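J.: Okay, sequence plus prediction incoming.
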Amino acid sequence: MTGLLVSLLLVGVIAVILRWQRPAWYWMTFGVTFAALRVAVRYTSVMDACGLTVPPARWRLSLARMANRPVPESRAPRILRLRPTRTGLVLRLKLRPGQDAFDVASATDRLRHSFGMYGVTSRELHSGVVELRMTGYDVLRRVQMPAKTDHAPMRIPVALREDGSVHYRDYRAVPHGLTLGATESGKSVYQRNLVAGLASHDVALVGIDCKQGVELFPLARRFSALADNPDTALELLETLVQHMGDVYQLIRAAQRITVDVPDADIAADIWDLPADMRPTPVVVLVDEVAELALFATKDEEKRRDRIVTALVRLAQLGRAAGIYLEICGQRFGSELGKGITMLRAQLTGRTAHRVNDESSANMAFGDIAPDAVLAAIQIPTDVPGIAVSGDSTGGWTRIRAPHTSLRQAVNICNRHADRTPDVPALAAFRPAVAPLPSAAAPLAKTAPATA
Ligand SMILES: Nc1ncnc2c1ncn2[C@@H]1O[C@H](COP(=O)(O)OP(=O)(O)OP(=O)(O)O)[C@@H](O)[C@H]1O
């Protein structure tokens, strides 16, 4: 008996220490079990209290009356699956007749309190089936990406969502993206995670970093082209527009449409081409875009117009040619001059870090997800890296990228330096870098952090 008490006490102490030290560990060991038990035991009463039950069907009432049995209870959505995860629980529910996904979505805050969870979000999987994702702690406070993530070409696990799932930047689904945020809000760390994620893919990275190259030039070994001032950026963008034209010609030549060619074989973009013919996709990362759009003299104004025109053309036509834009800045609105709102309309993937005012949040979401504007304004100032990510479907979610230091990103880029493709059109912009130290030497210690 004493042994049992001591063991229980020990388990309790370990649970408390784990919870205090690292919520993730606590949840993976004790928390998930406690939460699953709590949900299983209190499910019906909580759903009833949260207004998520429906009265029994008429035939059941009649049957009970005929059999002189007690009136049957109201019914809660049926649990199809209860799955523990690293960060909490996932509950799949089959709705009862008369219920809809909106009922569940509007009750998530009440469910959160009733089940004693940190966060509850819901989404409709298909008609009549809703998934509730519950997190046991603030997963965005100390981001830990799962060890295993999905692998697909041009799909980068870049951040963690507040419901504990992985947030992917999928270039083939959402070709162009805009990342906004005030100074020190976490844009560079987000972009660094993207570069680190893309480094192991077969992709050419092109960087335009008008902060004198401080963000992207240390990662030069994995870049096929870099520009650190608006003049070079203009030449680079116009070269990319030309490259895009060449890729279109290649796709056209590969189509060879005759009446015998089945529809599925007609190439519409680079991904339909046979692998040996397919040009390397290109991701163009622009840091601090306003530097490209501001001007003081007539000559600079002409340069700015040509830069914006080239960016608009890439945004409009780049997807099929495998050219994707990732634009980063503090603000991106009509005050930057003509063509900017047209360009912004093409950047479907929107991410806003902490912003200083509502108009900046509106630049990110005003035209696609008005709900997200409020969420972006509410991002706390003391947690850099928290962002709201939305797309043109009107949906949005809070995310945070793992904290990747410049040193870590440099090491990843150096490790994958041999994957840097030679794109002949971009050869003139390839950064000159010293050869890497011999493979035998550990990269982490010896690779220089600059080009
Ligand atoms: N996801 C994150 N997790 C933890 N810390 C972060 C995260 N993102 C950013 N930070 C911290 O916040 C600070 C500012 O980040 P960052 O340089 O990315 O901001 P920024 O928006 O690019 O700023 P600026 O526009 O001034 O360059 C850095 O010290 C960084 O370590």
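T.: Yep, that arrived. Numbers count the residues shown, from 1 in each chain.
J.: Touching stretch 422-440 from outside, list them.
T.: Contacting residues not belonging to stretch 422-440 are listed as 204, 206, 217, 220-221, 223-227, 232, 235-236, 239-240, 242-243, 246, 280, 282, 414, 417, 443, 446-448, 451 [Cβ atoms under 8 Å, 6 or more residues apart in numbering]. Backbone N, C-alpha and C define where each C-beta goes, glycine included.
J.: where does the stretch 301-450 of the chain have low pLDDT?
T.: Within the stretch 301-450 of the chain, the ranges that satisfy pLDDT under 70 run 391-394, 436-450.
J.: ugh, wrong one, I meant the stretch 51-200 of the chain
T.: Those would be none, if you go by pLDDT under 70 across the stretch 51-200 of the chain.
J.: Give me the buried subset of the contacts of stretch 422-440.
T.: Buried members of the contacts of stretch 422-440, counted by 16 or more other Cβ atoms under 10 Å: 204, 206, 217, 220-221, 223-227, 232, 236, 239-240, 243, 282, 414, 417, 443, 447, 451.
J.: In helices only, show me these.
T.: T232, L236, T239, L240, H243, N414, L443 (DSSP state H).
J.: how much space between the third one and M145?
T.: Same thing as T239. T239 sits 35 Å away from M145, going by Cβ to Cβ, to the nearest Å.
J.: One more: the first one?
T.: When Cβ to Cβ is the yardstick, T232 and M145 sit 35 Å from each other.
J.: helix/strand/coil for I156?
T.: The three-state label given to I156 by DSSP: H, G, I helix; E, B strand; the rest coil is strand.
J.: Provide a list of residues in contact with it.
T.: Here I156 is in contact with Y168, R169, D170, Y171, N193, L194, G197, L198, H201 (criterion: Cβ under 8 Å, 6+ apart).
J.: What is the nearest of those to P84?
T.: Sorting those by how near they are to P84, with Cβ to Cβ, puts Y168 at the top with 22.6 Å.
J.: and the strand or helix carrying that closest one, how far from the chain's centre?
T.: Assigning secondary structure by DSSP states H and E places Y168 in strand 166-170. With Cα atoms, centre = their mean, to the nearest Å as the basis, strand 166-170 stands 4 Å off its chain's centre.
J.: quick one: that strand near the ligand?
T.: No. Using Cβ under 6 Å from any ligand atom, strand 166-170 stays clear of the ligand, coming no nearer than 11.9 Å.
J.: Pairing partners for that strand, with directions?
T.: Sheet pairing for strand 166-170, assigned by DSSP bridges, gives strand 155-161 (antiparallel).
J.: Grab the nearest non-local neighbour of the residue of the chain found nearest the ligand.
T.: Closest to the ligand within the chain is G385: 2.3 Å, counting by Cβ to the nearest ligand atom. Once flanking residues are discounted, G385 sits nearest to G186: 3.7 Å by Cβ to Cβ, 6 or more residues apart in numbering.
J.: Over to G177?
T.: Once flanking residues are discounted, G177 sits nearest to G349: 3.5 Å by Cβ to Cβ, 6+ apart.
J.: ok, now Q191?
T.: The shortest distance from Q191 to any non-neighbouring residue, by Cβ to Cβ, 6+ apart, is to C328 (5.6 Å).
J.: Torsion angles phi and psi at that neighbour?
T.: phi -130, psi 140 (degrees, to the nearest 10).
J.: what about it, distance to Y43?
T.: Plainly put, C328 is 45 Å away from Y43 if you go by Cβ to Cβ.
J.: what about S7, how many residues close to it?
T.: 10 (other Cβ atoms under 10 Å).
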